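A.B. asks: Provided below for reference: sequence and predicted model.
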Amino acid sequence: MRVHLCGVRGSTPAPGVEFLRYGGHTSSVAISHDDAARPALVLDAGTGLRQVTALLGGDPFTGTILLTHLHWDHVHGLPFFQGGDRDDARVTLLLPAQESGETAAAALARGMSPPHFPIGPEGLRGDWTFGSLPPGPLKAEGFTVEAREVPHKGGRTYGYRVSDGHSVLTYIPDHCPTVLGPGPDGLGEYHPAALDLAAGTDLLIHDAFLLAPEVPAEAAFGHAAAEYAAGLGTRAGARRVALAHHKPGRTDDELDELARRFAGGGPAAPGAPRQPGTSGVPEIFVAAEAGHGVPEIFVAAEGGILDL
Ligand SMILES: [Zn+2]
Ligand SMILES: [Zn+2]
């Protein structure tokens, strides 16, 4: 499968010269079956969803959008998705089944309808279907998907494991593992849902909103540290880990520094293999090198294309 990183910023878009290289669009990842196919499955509809239109080559979007949850940075791109908001589009949008029993369209409309926004979900052009997704397996656009609930803050949140029968992508952009306890390193529990979603995956795209020193003061906002993302990937036997959902104020230079700590590479070289034992690599990975190997860890940059 081919994975397009269309938005890797968390919370709110980050325009400005300090954010050009890693990008300012919020959460959205588009998946196609191969390098020739149009994206048919999209994970999250942050402002990065606007970037998906350019991948469609002028065609309408016909496919499925899976939302991890309904926070603004995961839905605000919906009414600006030109490839989906046209008469010949066909879109199935699925979101976590709400504990209140509210329908998908009604839950979405609470944040997208007058007076908050000029139109509601039903105002989108084309053939849109809105549905609620229980945790568990589903088939979508030729992919097999597993949805599992993960702790976050303020509304039910899923992580997704997407397989095409050949390779596996795991997507957990918003995750607050400290809700379940401090875990072995104080960064949160390595709990079964996260480990199952990431087990042996080819690529884990994970919340790296925080850095470890920020966890004590800021984990209560609902996010994970980059070091946790790397630790999860290591424990789960992931092949690669993309640190994502960057804090809006995290500049390119700061993300370069994060990339150097983990991999010695910046956004231009996400495929470069990490040299085990490189100085500055967190202790956890050195320790893991005796185990089932260390994933390649890189900092996700908008516009990135990964073939799995
Ligand atoms: Zn988010
Ligand atoms: Zn969120």
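C.D. replies: Received it, and whenever you're ready, just let me know what you need. Residues are numbered from 1 along each chain as shown. Ligands and ions are numbered 1, 2, ... in the order given.

A.B. asks: how many neighbours does Pro216 have?
C.D. replies: 11 (other Cβ atoms under 10 Å). All C-beta spots, glycine's among them, are computed from the backbone N, C-alpha and C.

A.B. asks: Can you name the helix or strand that it falls in?
C.D. replies: helix 215-218 (DSSP states H and E).

A.B. asks: Next: Ser132.
C.D. replies: strand 127-133.

A.B. asks: same question, Glu146
C.D. replies: strand 143-149.

A.B. asks: now Leu306
C.D. replies: Here Leu306 is assigned to strand 305-307, by DSSP H and E.

A.B. asks: can you check Leu93 too?
C.D. replies: Assigning secondary structure by DSSP H and E places Leu93 in strand 90-96.

A.B. asks: Off-centre distance for that strand?
C.D. replies: 16 Å (Cα atoms, centre = their mean, to the nearest Å).

A.B. asks: List the buried residues in it.
C.D. replies: 91-96 (16 or more other Cβ atoms under 10 Å).

A.B. asks: Same check on stretch 203-223?
C.D. replies: 203-211, 215, 219, 222-223.

A.B. asks: can I get the residues you listed in JSON lines with secondary structure?
C.D. replies: Below are these laid out as JSON lines (DSSP: H, G, I helix; E, B strand; the rest coil):
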{"residue": "Leu203", "secondary structure": "strand"}
{"residue": "Leu204", "secondary structure": "strand"}
{"residue": "Ile205", "secondary structure": "strand"}
{"residue": "His206", "secondary structure": "strand"}
{"residue": "Asp207", "secondary structure": "strand"}
{"residue": "Ala208", "secondary structure": "coil"}
{"residue": "Phe209", "secondary structure": "coil"}
{"residue": "Leu210", "secondary structure": "strand"}
{"residue": "Leu211", "secondary structure": "coil"}
{"residue": "Val215", "secondary structure": "helix"}
{"residue": "Ala219", "secondary structure": "helix"}
{"residue": "Gly222", "secondary structure": "coil"}
{"residue": "His223", "secondary structure": "coil"}
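
A.B. asks: and which of those residues is nearest to ligand 2?
C.D. replies: Ligand 2 lies nearest to Gly222 out of the buried residues of stretch 203-223, by Cβ to the ion, at 6.0 Å.

A.B. asks: how close does Val145 sit to ligand 1?
C.D. replies: Relative to ligand 1, Val145 is positioned 19 Å away (Cβ to the ion, to the nearest Å).

A.B. asks: Name the residues that touch stretch 108-127?
C.D. replies: For stretch 108-127, the external contacting residues (Cβ atoms under 8 Å, 6 or more residues apart in numbering) are 60, 70, 72, 75, 78-79, 84-91, 93, 95, 105, 128, 130.

A.B. asks: can we see that at 10 Å?
C.D. replies: Contact with stretch 108-127 is made by 45, 60-62, 67, 70-72, 75-76, 78-79, 81-93, 95, 102-107, 128, 130, as judged by Cβ atoms under 10 Å, 6 or more residues apart in numbering.

A.B. asks: Following element in sequence after the lowest-mean-pLDDT helix or strand in the chain, please.
C.D. replies: Least confident helix or strand, the chain: helix 283-288 with a mean of 46, by mean pLDDT, DSSP states H and E. Where DSSP H and E defines the elements, the next helix or strand beyond helix 283-288 is strand 296-299.

A.B. asks: mind listing what His71 touches?
C.D. replies: Residues counted as contacts of His71 (Cβ under 10 Å, 6+ apart) are 10-11, 26-27, 44, 46, 111, 152-155, 157, 173-174, 222.
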